[in-house]
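return atomic coordinates for the entry below.
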Amino acid sequence: KEQEEAVKKIQEERIEQMREEINKINHAKQLQMYLDELEGLVGLKEVKKEIESLINLIKVKKMRESYHMPSMEISYHMVFTGNPGTGKTTVARLVAKIYKELGILSKGHLVEVDRAGLVAGYIGQTAIKVKEVVEKALGGVLFIDEAYALTNKNDVNDFGGEAIDTLVKMMEDYRNDLVIIVAGYKEEMDEFLKANTGLISRFNKFIHFEDYTDEEMMEILKGFLDKSGLEMEEDGEKELKRALKEMDAQSRFLFGNGRGMRNTFESILGKQANRIVNLELPTEKELKNIILEDVMGIL
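Down below sits the predicted model:
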């Protein structure tokens, strides 16, 4: 009987430990703040769903560990695909912070690089460059934009392959406190992952970022306006919607999604300033208003 009670006590302690662990995650204010920030981003419905699914997986992993069950092997490295300006860097920065709150990373910062930040022009220098960048990213997320540029099949003297080899080795060496997110166009990223067998086994979480719709683009612009205490008159809004709708595919691609909308906002500010500066004593309403004249010809 004493043995049964001892076993029961151990089980109860484990259950309590699990409850505390999950309770800690569910009620972590900082974590919730980052999740709310993610949820507050315009669009990205599927992206949010994927991140939520990953967080739930991590929570279940911690539950299993509380029962001393075999640990689930989860790869935290990710591949982000999509066109420029679709929010990949913004989401990567939030993922770093979320991972920190979940105990996956010790610092939760983001280090962003591209090919130029990893590849050197002489033998042996690339490995040193990669190590320096990885060491800076330890405890956080290393975000490699346009990662496919590391594979240059047409140039036998290219050192991109050396960068990839070094990255794969360091991912293994620092697997407990480093997460790498690689980003770029979908087809090119598929080719990139085939460049080294070590990459395919480590990157098994793919998240695709869709282009923003016209409505989402206008919502992004409204966010910029709200933060600056500005209001756009209806005819100005209609003009921008019309211009967005009439953009052809090539122009839309070059526009750059959310990045293009930020540039549009800054151009609108410039035009409004040029107009306002000619008024002798502008009222608060005049300073606040964006009128049709301020948006004409912007897009």
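
from here on, contacts and neighbour counts on C-alpha atoms
Will do.

show me where the stretch 101-250 of the chain has its helices.
Using DSSP state H, counting those that start in this stretch, the helices of the stretch 101-250 of the chain run over 125-137, 160-173, 186-194, 197-202, 214-227, 234-245, 249-255.

and those helices as a markdown table, adding mean pLDDT and mean neighbour count?
A markdown table is the format used below for those (pLDDT from 0 to 100; neighbours: other C-alpha atoms under 10 Å):
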| stretch | mean pLDDT | mean neighbour count |
| --- | --- | --- |
| helix 125-137 | 92 | 18 |
| helix 160-173 | 88 | 18 |
| helix 186-194 | 89 | 17 |
| helix 197-202 | 85 | 14 |
| helix 214-227 | 95 | 16 |
| helix 234-245 | 95 | 15 |
| helix 249-255 | 90 | 13 |
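
could you say what helices and strands the lengthiest helix in the chain packs with?
What stands out as the longest helix in the chain, according to DSSP state H, is helix 2-26. Packing partners of helix 2-26 (3 or more C-alpha pairs under 8 Å, 6 or more residues apart in numbering; DSSP states H and E): helix 45-66.

could you export the helix it packs on as PDB, CA atoms only?
Only the C-alpha atoms of helix 45-66 are listed here, as PDB (Å, rounded to 0.1, in the frame of the first residue of the first chain):
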ATOM      1  CA  LYS A  45      -4.200  34.500 -42.500                       C
ATOM      2  CA  GLU A  46      -2.400  31.200 -43.400                       C
ATOM      3  CA  VAL A  47       0.800  32.500 -41.900                       C
ATOM      4  CA  LYS A  48      -0.900  33.200 -38.500                       C
ATOM      5  CA  LYS A  49      -2.500  29.700 -38.600                       C
ATOM      6  CA  GLU A  50       0.900  28.000 -39.200                       C
ATOM      7  CA  ILE A  51       2.600  29.900 -36.400                       C
ATOM      8  CA  GLU A  52      -0.300  29.100 -34.000                       C
ATOM      9  CA  SER A  53       0.000  25.400 -35.000                       C
ATOM     10  CA  LEU A  54       3.700  25.500 -34.200                       C
ATOM     11  CA  ILE A  55       3.200  27.100 -30.800                       C
ATOM     12  CA  ASN A  56       0.600  24.500 -29.900                       C
ATOM     13  CA  LEU A  57       3.100  21.800 -30.900                       C
ATOM     14  CA  ILE A  58       5.700  23.300 -28.600                       C
ATOM     15  CA  LYS A  59       3.100  23.400 -25.700                       C
ATOM     16  CA  VAL A  60       2.300  19.700 -26.200                       C
ATOM     17  CA  LYS A  61       6.000  18.900 -26.200                       C
ATOM     18  CA  LYS A  62       6.300  20.600 -22.800                       C
ATOM     19  CA  MET A  63       3.300  18.600 -21.500                       C
ATOM     20  CA  ARG A  64       5.000  15.400 -22.700                       C
ATOM     21  CA  GLU A  65       8.200  16.300 -21.000                       C
ATOM     22  CA  SER A  66       6.400  17.000 -17.700                       C
END
